[in-house]
Structure formats: structure tokens, C-alpha cells
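Enquirer: sequence? don't have it. structure:
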């Protein structure tokens, strides 16, 4: 005795299965893929730069020489914010998007990805002030740690010990 197929549907049925039919391949399918990757890389570098700008001063607490790279990053950021220079990463992303056949950017990185996303656009100056305070705190901490290391190493007297055991004990 054969049973009739169950045609009742449940809440979890997906419905009819639709299989796509292959169509003609687009001639420009792979064109610009490398430029899309380049645009994405520029975007990732932008986020990395912003993270380093905000938190890079804290790296100097562990690695004091990192303060020099951070000072350069802060100076560059101030030049960009003041409008004296254009960000090369924004230029790179824009050109790569254009070569990939995507639309050009109408705004810079901060305007496009941070304003109205991380903070409301009307608070851009408050966000800049907050970033400046974070950087100032990181620099203050780096200075205080540098001074404490110098005092522990006997750097205040200006003379270095000739005894290797004494130098090894201070490191």
C-alpha cells in the first residue's frame, strides 16, 4: 500500500527551491579586483592610523622610543585637520576606488566613517578635544615613567657606573 506524499507545510519550510541558471559571463568581472583590495587596504591603514593616533602614546610607556613615531603621527594629524595637507591614504583610497570602477569619495575618512557613526557630527570638536586629552595623558605618563627609569638608573648624577654588575642590577 503506497502513501500519498505529505503536502502540508510547516512554519520552517523554506518554500520552493530555485536553482539559478547560468547566464553569460560579464566581460569585466575580474577587472579592478586588485584596486578594490588596494582601496580596502587604504581603509584598514586609516583605521590603524586613527587607533595609533589615539593610543600610540601609551606604547611609549613600555617602549620609550615609540614616542618619536607618535609625535610624527600627531604632527601629521594636526596638519591634516588644519587643512594644510591632504591625507595620502584618502587620496590612495579614492584613486583605487576610481580604477576599480566604484564611485569616488565625496568626503574624507573621518567625515565618511567616524562622523555620525562613532559620534554625532556636531560633536566633532568635542571628539578632537577628547583625543587631545587622551594623547596628553599618555605623554604625561610616558614622561613620568621615563623620569622614574632615569632616576633608578642613576641618570640624575650624570655618571655611568663602570661596574658591569651594578649596571646589570639597574636594568
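Expert: Received it, and whenever you're ready, just let me know what you need. Just so we're clear, the structure is a prediction, and the values are computed from it rather than from any experiment.

Enquirer: same question for stretch 150-161, mean pLDDT?
Expert: Averaged across stretch 150-161, the pLDDT comes to 67.

Enquirer: go on, stretch 42-62?
Expert: In this model, stretch 42-62 carries a mean pLDDT of 93.

Enquirer: Now do it: distance to the chain's middle.
Expert: Relative to its parent chain, stretch 42-62 has a centroid offset of 6 Å by Cα atoms, centre = their mean, to the nearest Å.

Enquirer: roughly how far apart are residue 64 and residue 130?
Expert: In this view, residue 64 and residue 130 are 25 Å apart by Cβ to Cβ, to the nearest Å. Where C-beta positions appear, they are placed from N, C-alpha and C, glycine not excepted.

Enquirer: and what of residue 105?
Expert: Taking Cβ to Cβ, one finds residue 105 at 25 Å from residue 130.

Enquirer: ok, the closest residue in space to residue 86 that isn't next to it in sequence - how many residues close by?
Expert: Taking Cβ to Cβ, 6 or more residues apart in numbering, and ignoring the residues beside it in sequence, residue 86 has residue 80 as its nearest neighbour in space, at 7.4 Å. Close neighbours of residue 80, defined as other Cβ atoms under 10 Å, add up to 19.

Enquirer: Residue 80 falls within a strand, correct?
Expert: No. Under DSSP: H, G, I helix; E, B strand; the rest coil, residue 80 sits outside any strand and is assigned helix.

Enquirer: So for residue 105 and residue 130, which residue has more residues nearby?
Expert: Counting neighbours by other Cβ under 10 Å for residue 105 and for residue 130 shows that residue 105 has the greater number, 16 against 13.

Enquirer: tell me the SS of the more buried one?
Expert: Going by three-state DSSP: residue 105 is coil.

Enquirer: what stretches of the chain score poorly on pLDDT?
Expert: Counting by pLDDT under 70, the chain contains low-confidence residues at 1-31, 155-171.

Enquirer: Packing partners of the helix or strand containing residue 50?
Expert: Using DSSP states H and E, residue 50 sits within helix 33-62. Applying 3 or more Cβ pairs under 8 Å, 6 or more residues apart in numbering; DSSP states H and E, we find helix 33-62 packed against helix 66-82, helix 88-99, helix 109, helix 124-152.
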